[in-house]
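Engineer: how would this look folded up:
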Amino acid sequence: GRANYDETMDLQLLLNDIPMKPWKNLFAESLMVDGLLSCEASITGSFMQPEFILNAQTDSLVYEDLLLGDVATSLVYGDRLLNIVNFQLLSGYGDYRAEGSFYVDLAFTADSLERFPNLPMNISIAAVDSRFDLVTLLQPSVEQLEGDFFADFVLSGTPLNPHLEGGAFMVDARLKYFDLEDWLRSDSVGVRMNDNRIIIDGMEAYVMDNEERKSVFAEGTITVKSLDSLYYDLDVVIPEEFPFRYELDDIEGSFEGKLHVEGDSPPLVTGNIQLLSMNYLVDFAEPDQGSPIMTALSGQNTWNLAVDINIISNYWIKNEDIDAEFAGEITMLRESGIYSFIGEMEILRGRGFLFDKTFTIEPGSRVVFEGGDTFNPSLDITAYTRVAGSRGDAEEENQVEQLELGIHVTGTLEEPEINPTEDS
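Structural biologist: Reported below is the predicted structural model:
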């Protein structure tokens, strides 16, 4: 074919098993895709107003080293309207299909382009899948996701005012969060799509705890304000003792409570959690190591948090430094992925271990969180032990007896200060 001096074109294109990676690097180096591309295309129009008819296949499409499957598509483009005659992504586990149309500006040359103008679109999407490696790739906090997934919906409206109609659901869903021992399960979980809302009606998920089902419930809406903007309005209820177990360290417990998720992405999660029990059987981290509990809480999730945690009792920390029961109230905050804690915990009873001695901790001793961006609370702990010693001045014949020695621990968890009490 030919491309003319006046920027008009009349070209026929034939490709057969061309590796995508070397060519896509010329246009979008950051896009981590590969595969073998074959296509037949007729390209006419001009550089500013191209038109084409395309039939293409991609064998073994790969995204970031993850094999997605084989792609086949037929497209017709002209006057900025892209018609998807058919699109299919087929793997050994899933089948994704789409057809319809939307506006996109594919001009080869221009000073400025609005690639996706706010014009009508209408795309039908259907999907069936039972393997979700792409989810675990894009969400590292999700270690594994299993189940049978089905979706059938229509995306219409415009990019800035989209509309959805249809639904999606998963049967026998099983979700494993990274570093947590228990799988989160659901017999059937689904959403409805109406206008610009994704509606969750009474979703239930559960974990199995000693062959007993412990559930969490969610309902609400996610409003699709535009194709790149969501608004959340969700309620989550944990009505009874819900267990958690950290896989890599000996941290486990149970809780109940209510949470509310609201706002533009990333939304704010507020609510109240009652920590019913917890055993923290891990040595305190060195200053440059970080806390195991902070590692357990960390992840790629950037939702903001302002959650009040009420600890009535039965929160035990047992390690080489301390064996004690705590109670208290803590507010857990997270903004832009950075955690902080405000509140205090009272030691109800327990022992501390220092200088080869066992100290009885005075009830009412405190650990105070002041809102810093590190897990490094202030300490106000008084403890007593008995040591061999004698009373009296140097001229008297002293007899050895058991004397009470008290210490007052202040400073912070990372830099404690230890001094004798006034009555020692």
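
Engineer: and the helix or strand that G202 is a member of, what does it pack against?
Structural biologist: Per DSSP states H and E: G202 is located in strand 197-209. Judged by 3 or more Cβ pairs under 8 Å, 6 or more residues apart in numbering; DSSP states H and E, the packing partners of strand 197-209 are strand 161-177, strand 184-195, strand 212-226, strand 229-246. Just so you know, the C-beta spots here come from the backbone N, C-alpha and C atoms, and that holds for glycine as well.

Engineer: what are the pairing partners of it, and which direction each?
Structural biologist: strand 184-195 (antiparallel), strand 212-226 (antiparallel) (DSSP bridges).

Engineer: before we move on, back to that, can I get the helices and strands packed on strand 197-209 in CSV with mean pLDDT and mean neighbour count?
Structural biologist: Shown next, in CSV, are those (pLDDT from 0 to 100; neighbours: other Cβ atoms under 10 Å):
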stretch, mean pLDDT, mean neighbour count
strand 161-177, 95, 17
strand 184-195, 95, 17
strand 212-226, 95, 16
strand 229-246, 95, 16
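
Engineer: tell me the bridge partners for D235.
Structural biologist: Beta bridges link D235 to E219, H260 when assigned by DSSP bridges.

Engineer: quick one: it from D172, how far?
Structural biologist: Distance of D235 to D172, computed by Cβ to Cβ, to the nearest Å: 25 Å.

Engineer: again with E370
Structural biologist: E370 is 46 Å from D172, by Cβ to Cβ.

Engineer: poorly predicted segments of this protein, please.
Structural biologist: 25-29, 110-113, 285-301, 390-398 (pLDDT under 70).

Engineer: can you give me the helices in it?
Structural biologist: Remark: helices assigned in the chain by DSSP state H are 20-24, 133-138, 292-297.

Engineer: so who does the spatially closest residue to Q144 that is not a sequence neighbour touch?
Structural biologist: Sequence neighbours aside, K176 is the residue nearest to Q144 in space, at 4.2 Å (criterion: Cβ to Cβ, 6 or more residues apart in numbering). Taking Cβ atoms under 8 Å, 6 or more residues apart in numbering, we find K176 in contact with 142-145, 183-184.

Engineer: assess the claim that L333 and F369 are in contact.
Structural biologist: No - the criterion here is Cβ atoms under 8 Å, and L333 misses it with F369 at 10.1 Å.

Engineer: okay, strands next: where are they in the stretch 251-400 of the chain?
Structural biologist: 251-264, 268-280, 304-318, 322-335, 338-354, 357-361, 366-370, 378-390, 400-411 (DSSP state E, counting those that start in this stretch).

Engineer: can you give me the neighbour number for G78?
Structural biologist: 14 (other Cβ atoms under 10 Å).

Engineer: beta partners for the spatially closest residue to D423 that is not a sequence neighbour?
Structural biologist: Closest residue to D423 apart from its sequence neighbours, by Cβ to Cβ, 6+ apart: G406 at 6.0 Å. Judged by DSSP bridges, the bridge partners of G406 are Y384.

Engineer: surely G406 and V387 touch.
Structural biologist: No - the pair G406 / V387 is not scored as a contact, 10.8 Å apart, by Cβ under 8 Å.

Engineer: who's more crowded, those two?
Structural biologist: G406 (17 against 11).

Engineer: what sits against S74?
Structural biologist: By Cβ under 8 Å, 6+ apart, the neighbours of S74 are 54-56, 84-86.

Engineer: burial count for the nearest residue to it once chain neighbours are set aside?
Structural biologist: Leaving aside its sequence neighbours, S74 sits nearest to V85 (Cβ to Cβ, 6+ apart; 3.9 Å). By the criterion of other Cβ under 10 Å, V85 has 14 neighbours.

Engineer: hang on, V85 packs against A56?
Structural biologist: No - under the criterion of Cβ under 8 Å, V85 makes no contact with A56, lying 11.4 Å away.

Engineer: common neighbours of those two, please.
Structural biologist: In terms of Cβ under 8 Å, 6+ apart, V85 and A56 are both contacted by the residues 73-75.

Engineer: what's the closest of these to P50?
Structural biologist: P50 lies nearest to L75 out of the shared contacts of V85 and A56, by Cβ to Cβ, at 12.2 Å.

Engineer: residues contacting the closest residue in space to that closest one that isn't next to it in sequence?
Structural biologist: Among residues not flanking L75 along the chain, L54 sits closest, at 4.5 Å (Cβ to Cβ, 6+ apart). Shown in contact with L54 (Cβ under 8 Å, 6+ apart): 39-41, 73-77.

Engineer: nearest to E212, of those residues?
Structural biologist: Within the contacts of L54, the smallest distance to E212 is 49.1 Å, found for T73 (Cβ to Cβ).

Engineer: ok, back up a step: distance to L14 added to the strands paired with strand 197-209, as TSV?
Structural biologist: Listed next are those as TSV, based on distance: least, Cβ to Cβ, whole Å:
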stretch	distance to L14
strand 184-195	40
strand 212-226	38
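
Engineer: before we move on, the earlier item: will you turn the strands of the stretch 251-400 of the chain into a markdown table that also has distance to T221?
Structural biologist: Below are the strands of the stretch 251-400 of the chain laid out as a markdown table (distance: least, Cβ to Cβ, whole Å):
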| stretch | distance to T221 |
| --- | --- |
| strand 251-264 | 10 |
| strand 268-280 | 16 |
| strand 304-318 | 19 |
| strand 322-335 | 23 |
| strand 338-354 | 28 |
| strand 357-361 | 49 |
| strand 366-370 | 34 |
| strand 378-390 | 42 |
| strand 400-411 | 48 |
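
Engineer: tell me who's in contact with E51.
Structural biologist: Contacts of E51 (Cβ under 8 Å, 6+ apart): 43-45, 77-79.

Engineer: which of those residues fall within strands?
Structural biologist: 43-45, 77-78 (DSSP state E).

Engineer: and these, which are buried?
Structural biologist: The neighbour count (16 or more other Cβ atoms under 10 Å) marks 43-45, 77 as buried among the ones in strands among the contacts of E51.

Engineer: could you dump these to TSV with distance to L379?
Structural biologist: Below are these laid out as TSV (distance: Cβ to Cβ, whole Å):
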residue	distance to L379
I43	72
T44	76
G45	74
Y77	67
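
Engineer: now do the contacts for M193.
Structural biologist: Here M193 is in contact with 153, 164-168, 199 (Cβ under 8 Å, 6+ apart).

Engineer: how about a cut-off of 7 Å?
Structural biologist: Going by Cβ atoms under 7 Å, 6 or more residues apart in numbering, M193 touches 153, 164-167.
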